[in-house]
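> Fold the stuff below for me.
(2 chains)
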Protein chains: 2
Amino acid sequence: MAGKYVIGIDIGGTAVKMALFDQNGGMDHKWSIKTSKEENGKYVLDEIAASIQHELQEKHIPLTEVAGAGAGLPGFIDIEKGIIEFATNIGWKDYPVARILEDKLGFPVALDNDANLAAAGEYWKGAGTDVQNMIFITLGTGVGAGIVLNGNLVNGKDNMAGEVGHVTVKPEGGRLCNCGKRGCLETISSATGMVRGALEHIDEAEGSPIYDVHQRGEEITTKDLFAYATSADPYCAGVIDHAMYYLGLAVGNIANTLNPERIVIGGGVAAAGDDLLHTLRAHFDVFALDKVKKGTNFVIADLGNDAGVAGAAWLAKQHYMND
Amino acid sequence: MAGKYVIGIDIGGTAVKMALFDQNGGMDHKWSIKTSKEENGKYVLDEIAASIQHELQEKHIPLTEVAGAGAGLPGFIDIEKGIIEFATNIGWKDYPVARILEDKLGFPVALDNDANLAAAGEYWKGAGTDVQNMIFITLGTGVGAGIVLNGNLVNGKDNMAGEVGHVTVKPEGGRLCNCGKRGCLETISSATGMVRGALEHIDEAEGSPIYDVHQRGEEITTKDLFAYATSADPYCAGVIDHAMYYLGLAVGNIANTLNPERIVIGGGVAAAGDDLLHTLRAHFDVFALDKVKKGTNFVIADLGNDAGVAGAAWLAKQHYMND
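This is a model prediction of the structure:
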């Protein structure tokens, strides 16, 4: 393929983000459309294709100049066949996303899941551009991860690599997880897990500002928890510390196994920035081997919402551009 | 390099094993020499070089037909510089093994640690020849590992990848490990850890044949423990089960992270064969995600003591042969 451009597509439950990258990896243009949920997402791919065709026309770029596209979405993906097995947030089941998009667009399309592509995006254009071995951890409703080793994305046998949210950190007496197991990392260290942790002993929290938030009937957020922890509220500090202890354990064990150079923290909770990294690092240092911890540094993700489209474009570049 | 042969060198504390492989990966010949410990291993590399030169002469193979050699040894290795940082069993410290051997032999030499090369050997010639994603776990005095993903050995930033023996499986109240941390996998699931486990409550073991072994002043071995466990001795079965529970936890978590297709168990304890795999698998299945465990199978290593030389030859082939 002699195409000069690649396109990244990040298909989320509320919006589809897209971006056009030139052959040097420069982002030429980005845009997004709403994800139409009607009839189990029947029209989503039509609308993506129409939107890409429209943008290319506007830019006077013929289809032959596009080497290919990458698309990321949350769920179980058969990357070889280009099929999404389940996308609960849209309604797709065993849906051949790659083939349908290829038919509509006339250039090849590769798929992967959103956590892997966010990792690839940070590696290509963000917090990991200067390293070859990187673990990207996303802390949001769940805990996800993408792993880059020797500059390659790790997918594993069935594209299940990176399911770090389901690493068992509390083998006995742990909370039940959505996956059916107990004591999974994401039951404690995700945003949901932290809020659950805050609520579990809220009766003992009198005097803490988070107790008042709860008394007023407002929702507890991780933003509040980090803010109060930073201003020395012991209850909130305890909740955060507990979550970061288990994240430090899991990430320390991953580091002893893979010896990454960089751990990148992304997702909504990453907004806590240095307060998060500081606490996480302290726990990590207890569990990682000396030489492993000396070689590892922690940073917050760089690209925010653009990581997914960047990683999707990187995937297309890897597959369809010779450089 | 147009060499037709590669040489694998496995440098152990008591013997150095060597083998010659042809360009098709067939092992032409293997031999070994004693590791001479005099003056902190000063003569080891001389003797290795002389032995290789001798064997090549015997076989009428000129040096120009050797593409290169790989050498494996236990300890911390700077693979880029070809230096062993510490080899406690021989006495080397910051010793430029690769350069010295290259000077003596006239062909290039690459280094890696023994656990990585045993994994590579099983991947190339043994229990992993039909897969691309494999974790090799060696259970002996310690617990080591080598990781192959997408057909490549994982080294990490400072060649510390695979330090699975130091994954923390008991973050609270765990035993002190040689590394200085507590609750490391190898304090429980190595041969040493299992024997330690058997001795810890030996006073409560009356009626168990292992109690009698201990009373007679004989050493407890993992061979005994597995044999008595298999013949339904509850004390020994409990000791084995405890060790395999924590190994299953650690390997389950690694599998959730990397989604390997095969777990290969090697090292002295692997002699227990199916008895070991059966117990390990049962615990693993509790901790691995459904789709991860469906994709993973467990086998005992194939190559025994030849894994190291095979992996070392594979390393030379990767580096110095174009195929």
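
> Quick check: pLDDT value at residue A:139.
Here the pLDDT value assigned to residue A:139 is 96.

> ok, is stretch A:187-199 in contact with chain B or not?
No. Shown here: stretch A:187-199 not in contact with chain B (Cβ under 8 Å from any Cβ of the partner chain), separated by at least 12.7 Å. (C-beta placed from N, C-alpha, C; glycine too.)

> and chain A, what are its domains?
What automatic domain parsing lists as the domains of chain A is A:5-121+A:306-320, A:128-301.

> Quick one: the ones you listed as TSV, columns for mean neighbour count too.
Formatted as TSV, those follow (neighbours: other Cβ atoms under 10 Å in any protein chain shown):
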stretch	mean neighbour count
domain A:5-121+A:306-320	20
domain A:128-301	21
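
> who wins for proximity to residue B:214 among those domains?
Residue B:214 sits nearest to domain A:128-301 of all the domains of chain A, at 29.4 Å, using Cβ to Cβ.

> how far does the closest one stretch from start to finish?
By Cα to Cα, to the nearest Å, the extent of domain A:128-301 from end to end equals 9 Å.

> again with stretch A:214-221
10 Å.

> Ok, which of the domains of chain A comes nearest residue B:296?
That would be domain A:128-301 among these, by Cβ to Cβ, at 7.7 Å.

> Tell me where chain A has helices.
In chain A, the segments counted as helices under DSSP state H are A:38-41, A:44-58, A:97-105, A:114-125, A:186-189, A:191-200, A:209-215, A:222-230, A:234-258, A:274-287, A:290-295, A:307-320.

> These: lowest mean pLDDT?
Among the helices of chain A, helix A:38-41 carries the lowest mean pLDDT (a mean of 87).

> same for that one, what does it pack against?
If you count contacts as 3 or more Cβ pairs under 8 Å, 6 or more residues apart in numbering or on different chains; DSSP states H and E, helix A:38-41 packs onto strand A:92-95.

> 6 Å instead?
Applying 3 or more Cβ pairs under 6 Å, 6 or more residues apart in numbering or on different chains; DSSP states H and E, we find helix A:38-41 packed against no helix or strand.

> What are the contacting residues of it?
Helix A:38-41 is contacted from outside by A:90, A:91, A:92, using Cβ atoms under 6 Å, 6 or more residues apart in numbering or on different chains.

> What of stretch A:98-113?
Contacts to stretch A:98-113, defined as Cβ under 6 Å, 6+ apart, come from residues A:45, A:49, A:63, A:66, A:68-72, A:77, A:79, A:82, A:97, A:315, A:319-320.

> And for stretch A:207-220?
A:195, A:198, A:202, A:205, A:228, A:233, A:235, A:236.

> Identify the farthest-apart pair in those residues.
Largest pairwise distance in those, by Cβ to Cβ, is 15.4 Å, between A:195 and A:233.

> which residues does residue A:14 contact?
residue A:35.

> Please disregard the earlier target; I meant residue A:145.
Residues near residue A:145 by Cβ under 6 Å, 6+ apart: A:137, A:162, A:164.

> In strands, which of the residues you listed fall?
Among those, the ones falling in strands (DSSP state E) are residue A:137.

> The contacts of residue A:145 also near chain B: which ones?
residue A:164 (Cβ under 6 Å from any Cβ of the partner chain).

> quick one: which of the contacts of residue A:145 is nearest residue A:186?
residue A:164 (8.4 Å).

> So which bits of the stretch 151-300 of chain A are right by chain B?
A:154, A:156-158, A:160-161, A:163-164, A:166-168, A:171, A:249, A:253-254, A:256-259, A:261, A:287, A:289, A:291-292, A:295.

> cutoff 8 Å now
Proximity of the stretch 151-300 of chain A to chain B is confined to A:152, A:154-164, A:166-168, A:171, A:179-181, A:249-250, A:252-254, A:256-261, A:286-287, A:289-292, A:295-296 under the rule Cβ under 8 Å from any Cβ.

> And the domains of chain A: which comes nearest residue B:58?
Short answer: domain A:128-301, nearest of the domains of chain A by Cβ to Cβ, at 39.0 Å.

> chain center to that closest one, what's the gap?
13 Å (Cα atoms, centre = their mean, to the nearest Å).

> so how far is chain B from residue A:150?
Distance, residue A:150 to chain B, by Cβ to the nearest Cβ, to the nearest Å: 7 Å.

> nope, residue A:251 is what I meant
10 Å.

> Grab the nearest non-local neighbour of residue A:183.
residue A:174 (2.2 Å; Cβ to Cβ, 6 or more residues apart in numbering or on different chains).

> The one you found reaches residue A:166, doesn't it?
No. Counting by Cβ atoms under 8 Å, residue A:166 is not a contact partner of residue A:174; they are 11.4 Å apart.

> where do the contact lists of the two overlap?
Counting by Cβ atoms under 8 Å, 6 or more residues apart in numbering or on different chains, the shared contacts of residue A:174 and residue A:166 are residue A:184.

> just the contacts of stretch A:98-113 that are near chain B?
Of the contacts of stretch A:98-113, not one also sits near chain B (Cβ under 8 Å from any Cβ).

> which residues touch the closest residue to residue A:12 other than its chain neighbours?
Spatial nearest neighbour of residue A:12, chain neighbours left out: residue A:35 (6.4 Å); criterion: Cβ to Cβ, 6+ apart. Residues near residue A:35 by Cβ under 8 Å, 6+ apart: A:11, A:12, A:13, A:14, A:15, A:16, A:41, A:44, A:90.

> mind checking how far the spatially most central residue of chain A is from chain B?
Geometric centre of chain A, nearest residue: residue A:115, 3.5 Å, by Cα atoms, centre = their mean. Counting by Cβ to the nearest Cβ, the separation of residue A:115 from chain B is 12 Å.

> That residue reaches residue A:140, doesn't it?
No. Contact criterion Cβ under 8 Å: residue A:115 and residue A:140 do not qualify, at 9.9 Å.

> I figured residue A:288 hits residue A:256, correct?
Yes. With contact defined as Cβ under 8 Å, residue A:288 reaches residue A:256; the gap is 6.1 Å.

> Which pair of the contacts of stretch A:98-113 spans the longest distance?
Maximum distance among these (Cβ to Cβ): 25.1 Å, for A:63 and A:77.

> ok, residue A:317 to residue A:71 distance?
Distance from residue A:317 to residue A:71, counting by Cβ to Cβ, to the nearest Å: 14 Å.

> And for residue A:133?
26 Å.
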